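Chemist: Sequence isn't available, so here's the structure alone:
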């Protein structure tokens, strides 16, 4: 699945009580990939807090969040807002080919929803189907990390 096949790439992921998405245009992918080489899968890390602390600096220094067209993170109670954002995006970009990676647990519901709006021009895949070392997988790590940073921020507020 090459970077030229789709016009937009959408990543939707959950982390405990948070849900988020990241949308990026194909034209920005190569430049974005060069900035995110240090991102890793949070669950596989031994030193999670050290990773989050250092990756936060990378995000700021390399202006990682300036590349996606849009990112948003909300509490899972606000899932309808996230889904309506995505559906609105698909509706505005009806003539574009869109790749969507969605959390495994939400896959079947989300896929049915997308087929109603933009079935033929949208490919929905489970997050677990992303192959390691592909640019799709690397971008999904960015969203995963952003969710974990937000979760940590929330935990620190409660302490």
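Modeler: Arrived safely. Since we're looking at a predicted model, the values are computed, not measured.
Chemist: pull the helix or strand with minimum mean pLDDT from the chain.
Modeler: The least trusted helix or strand in the chain, going by mean pLDDT, DSSP states H and E, turns out to be helix 107-118, with a mean of 83.
Chemist: Report the distance from it to the chain centre.
Modeler: 17 Å (Cα atoms, centre = their mean, to the nearest Å).
Chemist: Against residue 115, how distant is residue 122?
Modeler: Distance of residue 122 to residue 115, given as Cβ to Cβ, to the nearest Å: 8 Å. No exception for glycine: its C-beta is placed from N, CA and C like everyone else's.
Chemist: for residue 68, same thing?
Modeler: Counting by Cβ to Cβ - residue 68 and residue 115 are separated by 25 Å.
Chemist: Those two - which one has more neighbours?
Modeler: residue 68 (22 against 12; other Cβ atoms under 10 Å).
Chemist: could you list every residue that touches that one?
Modeler: Taking Cβ atoms under 8 Å, 6 or more residues apart in numbering as the criterion, residue 68 is in contact with 22-24, 28, 32.
Chemist: Repeat the analysis, applying 7 Å as the threshold.
Modeler: When contacts are counted by Cβ atoms under 7 Å, 6 or more residues apart in numbering, residue 68 touches 22-24.
Chemist: Same check on residue 21?
Modeler: Applying Cβ under 7 Å, 6+ apart, the residues near residue 21 are 10-12, 71-72, 82, 85-86.
Chemist: Reformat those as TSV; add secondary structure.
Modeler: As requested, the contacts of residue 21 are exported to TSV (DSSP: H, G, I helix; E, B strand; the rest coil):
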residue	secondary structure
10	strand
11	strand
12	strand
71	strand
72	strand
82	helix
85	helix
86	helix
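Chemist: Just the buried positions in stretch 89-96, please.
Modeler: 89-90, 93, 96 (16 or more other Cβ atoms under 10 Å).
Chemist: any idea of the pLDDT on the residue nearest the centre of the chain?
Modeler: Taking Cα atoms, centre = their mean as the criterion, residue 11 is the residue nearest the geometric centre of the chain, at 3.3 Å. You'll see residue 11 listed with a pLDDT of 97.
Chemist: I'd say it and residue 22 touch.
Modeler: Yes - Residue 11 is within contact range of residue 22, at 4.7 Å (criterion: Cβ atoms under 7 Å).
Chemist: Give me the common contacts of these two.
Modeler: Shared contacts of residue 11 and residue 22 (Cβ under 7 Å, 6+ apart): 139, 143.
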